[in-house]
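Undergrad: Build me a model from this:
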Amino acid sequence: MPAPHPLLLVDDDAAFRKVYGGLLREAGYEVSEAADRPSARAAFDARDFPLVLLDLMLPPDGSVNAGLDGLAALLSARPGTKVIVISGAGDTRHTLEAVRLGAYDFLTKPVDPDVLLVVVQRALARVALERQVEALRTSLARAGGDTALVGQSPPFLAAVTLAERVAPSDIPVLVTGENGTGKELLARTVHLKSRRHAGPFVPINCGALPESLLESALFGHVKGSFTGATKDHRGLFAEADGGTLFLDELGDMTPSLQVKVLRALETGDILPVGADLPVKVDVRLISATHQDLGRMQKEGTFREDLYWRVKGVEVRLPPLRERASDLPLLAKHFLNQCAHLCPDGRARLLSDAAAEALAAHAWPGNLRELRHEMQRATVLAGERREIQPEDLSFTGSERPRASAPGATTLAQKVEALERREIEEALKRCGGNRTHTAEALGLSRQGLLKKLERFGLT
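TA: The predicted structure follows:
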């Protein structure tokens, strides 16, 4: 569907404006026109155009270089605007330069009408996604939460948009993704956009507690139900009544406790440890895991009925390596958060060499690793305005390591790489498993399972 916002068509060819302006109007778009650079800038400054179709060779000088300068000026004034460059100058150099400056796309005359309509539709859809993300970020800021929902890459925008679409309902949401990708932050976003936003958001990491303590933490207990139970405890299901319960690392929950959670979700009743009567609760469930629950339920390590109960809508957060275009934005965001660590209170900047080092790194720890890396670099930079490669814990010159001998399938290569990463983390942490789990972005129980699987005793 065409966006309800106006488009700006800038071309000195009146016939072109008449034909293609008419085409866009017939498609349902509101089109404003300009024939030269001054009138285009005046129109651009007067209205919020989400999309501009721009000819590079415009009066008064008609040069491509001046057109490129004009493109840069437009994007600098309003970075969220998408610009589709349309020109008869089909030189590859001009195409690459326009894209480098930030143009959304580049079309050469004569323009295929069908292609133009498709590109316009996609550009406006991208604008809509980015504005939705900004609205989510604003909601988090008003709620006093972290605003690290930063990014414009298609995989990230798709995840956030899906989360926003399901937020108003009470359908369960399963957030999947590697450790450190921001699953709890996305869960908080869903809560803030839901009808329960005024209620509590209650998180718990299911892998952080043994089964007996986790049961009491979730369902509560009555005084005297076990040694140390000196008073009644409500439990997190009850604490989340009227709001959202977030079960992080759901895959670490034991099968026996899975049965009790399933019953609570299906009936709305919880039975505190040692109690005789159930308690009615009304919660919206959001769960998260870095594990493949679908595979686990097929292997019998995760209950199939609970799997389908929690998987109302699955939202997958991409790892940082799949959203490399977001790396500069995220690095700047975390550097701004670290400004208080600087002697002058001003956020540090990345040098070109440091930016190249970040781009060459694999980021196995995802956003968590990047945040800690920017904290470390800020401190080591001291009074220097720019962060240099030597401030980073890696050089950026590392190359993908060779697969272990005998590793032939992709699964074997991934497993071999995972084992090496764990071994190296253990060495860096002096064998301390708690610190190793934190460094790898794992729960301690999750690390212990991997150590057992790989025979790293």
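Undergrad: what domains does the record give for this protein?
TA: 6-127, 154-316, 320-391, 410-454 (automatic domain parsing).
Undergrad: any chance of these in CSV, with mean pLDDT and mean neighbour count too?
TA: No exception for glycine: its C-beta is placed from N, CA and C like everyone else's. Formatted as CSV, those follow (pLDDT from 0 to 100; neighbours: other Cβ atoms under 10 Å):
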stretch, mean pLDDT, mean neighbour count
domain 6-127, 85, 17
domain 154-316, 92, 18
domain 320-391, 91, 17
domain 410-454, 74, 16
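Undergrad: counting contacts, what elements does the one helix or strand His435 maps to pack onto?
TA: Using DSSP states H and E, His435 maps to helix 433-440. Packing partners of helix 433-440 (3 or more Cβ pairs under 8 Å, 6 or more residues apart in numbering; DSSP states H and E): helix 410-428, helix 444-454.
Undergrad: And for that helix, what's in contact with it?
TA: 179, 364-365, 421-422, 425-426, 428-429, 443-444, 446-448, 451 (Cβ atoms under 8 Å, 6 or more residues apart in numbering).
Undergrad: Looking at those, which is nearest Gln297?
TA: Gly446 (17.9 Å; Cβ to Cβ).
Undergrad: so how far is Ala158 from Leu214?
TA: Distance, Leu214 to Ala158, by Cβ to Cβ, to the nearest Å: 33 Å.
Undergrad: before we move on, what about Leu7?
TA: Distance from Leu7 to Ala158, by Cβ to Cβ: 24 Å.
Undergrad: Next up, phi/psi of the residue lying closest to Pro343 once chain neighbours are set aside, please.
TA: Nearest non-adjacent residue to Pro343, counting by Cβ to Cβ, 6 or more residues apart in numbering: Glu383, 5.5 Å away. Glu383 has phi and psi values of phi -90, psi 0 when expressed as degrees, to the nearest 10.
Undergrad: so Glu383 makes contact with Leu341?
TA: No - contact criterion Cβ atoms under 8 Å: Glu383 and Leu341 do not qualify, at 12.0 Å.
Undergrad: Phi first, then psi, for the closest residue to Val273 other than its chain neighbours.
TA: Closest residue to Val273 apart from its sequence neighbours, by Cβ to Cβ, 6+ apart: His221 at 3.8 Å. With angles defined as degrees, to the nearest 10, His221 sits at phi -150, psi 160.
Undergrad: cool, Lys193 as well?
TA: According to degrees, to the nearest 10, Lys193 has phi -90, psi 0.
Undergrad: Contacts only, for Arg385.
TA: Arg346, Arg348, Leu349.
Undergrad: do you know how far it is from Thr244?
TA: 42 Å.
Undergrad: same question, Asp36
TA: From Asp36 to Thr244 the distance is 54 Å (Cβ to Cβ).
Undergrad: again with Cys206
TA: 16 Å.
Undergrad: Ala27 contacts Leu117, correct?
TA: Yes - counting by Cβ under 8 Å, Ala27 does reach Leu117; the two are 5.8 Å apart.
Undergrad: before we move on, which element is Ala208 in?
TA: Going by DSSP H and E, Ala208 is not in any helix or strand.
Undergrad: Surely His94 is within a strand?
TA: No - counting by DSSP: H, G, I helix; E, B strand; the rest coil, His94 is not found in a strand; it is helix.
Undergrad: Could you tell me the phi and psi values at the residue nearest to it when sequence neighbours are not counted?
TA: In space, His94 comes closest to Val64 once its chain neighbours are excluded; the distance is 5.5 Å by Cβ to Cβ, 6+ apart. Dihedral angles of Val64 (phi, psi; degrees, to the nearest 10) stand at phi -70, psi -40.
Undergrad: residues touching Gly21, list them.
TA: Leu9, Val31, Glu33.
Undergrad: isn't there a strand covering the last one?
TA: Read it as Glu33. Yes - assessed by three-state DSSP, Glu33 belongs to a strand.
Undergrad: hang on, isn't it packed against Arg17?
TA: Yes - at 5.1 Å, Glu33 counts as touching Arg17 under the criterion of Cβ under 8 Å.
Undergrad: Give me the common contacts of these two.
TA: In contact with both Glu33 and Arg17: Leu9, Asp11, using Cβ under 8 Å, 6+ apart.
Undergrad: Spatially nearest residue to Pro364, not counting backbone neighbours?
TA: Glu421 is the one closest to Pro364 (Cβ to Cβ, 6+ apart), at 6.0 Å.
Undergrad: Roughly how far does Lys298 sit from Glu304?
TA: 8 Å.
Undergrad: what sits in contact with each of these two?
TA: Counting by Cβ under 8 Å, 6+ apart, nothing touches both Lys298 and Glu304.
Undergrad: what are the ranges of the strands in the stretch 151-300 of the chain?
TA: With DSSP state E, counting those that start in this stretch as the criterion, the stretch 151-300 of the chain has strands at 173-176, 201-205, 244-248, 269-270, 279-280, 284-289.
Undergrad: Output the contacting helices and strands for the fourth one.
TA: In this structure, strand 269-270 packs against strand 279-280, with contacts taken as 3+ Cβ pairs under 8 Å, 6+ apart.
Undergrad: Sounds good, over and out.
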